[in-house]
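> okay, here's the prediction I keep looking at, along with the sequence it came from:
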Amino acid sequence: MLASLIIVFREVIEAGLILGIVLAATRGVGGRGRMVAAGLAAGLAGAVLVALFAGRIEALFAGSGQELLNVTILAAAVGMLAWHNAWMSRHGRAMGEGLRSLGHAVREGRRPLAALGIVIAVAVLREGSEVVLFLYGVAAGGAGAWAMAAGGAFGIAAGGLVALLMYRGMLTIPTRHIFTATSTMISLLAAGMAADAAAILQQAGFAQFLYTPLWSTAWLLGDGSIPGRMLHTLIGYTARPDGLQLLAWAATLAGFFLLTRAFAAPARRPAPASAT
């Protein structure tokens, strides 16, 4: 029971943090409820499919199918987050000044709901598939079905509560600053995903360079601890990062910054004074 509780609690927190950032970033935008529901449903369905076909996926590409699937999921999430930040860099100021001023853009479908819906789907897919695969391992160790179900239920409730509290904290940010804050969080989130993808490629043997750890903060905050996992989700924290992970993290963060600057709405020029 304890093992399933900890596993589910940890994964629900990670998915909940991403969901909270997305909800905060789309506060006041119509249709986000449908987007969230669709993303959750798609992610859960994908997690079930991954669980059902885990053996076949692993057999693909000489036993590296699961790793390549994870890298593909992470790359898709980074791309969708980049689309969102580019959109927000152009329309965020107007939304900060008055959410209703974007009614025309919302009606035309130019809001980033589709992108963030996909991010929710891949987040739930990733964490959900990990839960299923981890619980398979727990069951193989002799754990009872009822104990696992009870632990999983408690894990969902506890993880959901922590994620809700984090989301409520985000809502305390003033509306005029919420889009700058969430864009920063999304950039860090994407950078962490890129570092994860680099680590997976190294573990699978596809990127055998820059793999020497640069430093270690495991004595202060371990990767396996709950705070460590939360920081890993939010900013890509790793206790012993190597060169390729750091390069992927920094390059993604720099790319998001340049993309945001490139798509930023031009500043409004003051109207010329009329001659008297």
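In hand now; what should we look at?

> low-scoring stretches of the stretch 1-150 of the chain, by residue?
1-3, 25, 27-30, 51, 54-66, 84, 87-88, 90-113, 115-116, 133-143 (pLDDT under 70).

> report the distance from stretch 39-58 to the chain centre.
The chain centroid and the centroid of stretch 39-58 are separated by 17 Å under Cα atoms, centre = their mean, to the nearest Å.

> find the helix or strand that the spatially closest residue to Val50 that is not a sequence neighbour is a member of.
Leaving out its chain neighbours, the residue that sits closest to Val50 by Cβ to Cβ, 6 or more residues apart in numbering is Ser129, at 3.9 Å. No exception for glycine: its C-beta is placed from N, CA and C like everyone else's. Taking DSSP states H and E as the criterion, the element that holds Ser129 is helix 113-140.

> distance of the residue nearest to Val50 from Val12?
Using Cβ to Cβ, to the nearest Å, we find Ser129 at a distance of 14 Å from Val12.

> re earlier: so the residue nearest to Val50 touches Ala47, yeah?
Yes - at 4.5 Å, Ser129 counts as touching Ala47 under the criterion of Cβ atoms under 8 Å.

> which of these two has more residues huddled nearby?
Taking other Cβ atoms under 10 Å, Ser129 and Ala47 do not tie; Ser129 has more neighbours (24 against 21).

> buried set for the one helix or strand Val8 maps to?
Following DSSP H and E, one finds Val8 within helix 2-25. By 16 or more other Cβ atoms under 10 Å, the buried positions in helix 2-25 come out as 3-25.

> okay, the angle between the helix or strand harbouring Ala153 and helix 2-25?
Element membership of Ala153, judged by DSSP H and E, is helix 145-171. Put simply, helix 145-171 runs at 30 degrees to helix 2-25, going by axes from the mean of the first three to the mean of the last three Cα atoms, to 10 degrees.

> going by contacts, tell me the helices and strands next to helix 145-171.
Helix 145-171 sits against helix 2-25, helix 113-140, helix 175-203, with contacts defined as 3 or more Cβ pairs under 8 Å, 6 or more residues apart in numbering; DSSP states H and E.

> can I get those helices in JSON lines including distance to Gly155?
Below are these laid out as JSON lines (distance: least, Cβ to Cβ, whole Å):
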{"stretch": "helix 2-25", "distance to Gly155": "3"}
{"stretch": "helix 113-140", "distance to Gly155": "9"}
{"stretch": "helix 175-203", "distance to Gly155": "22"}
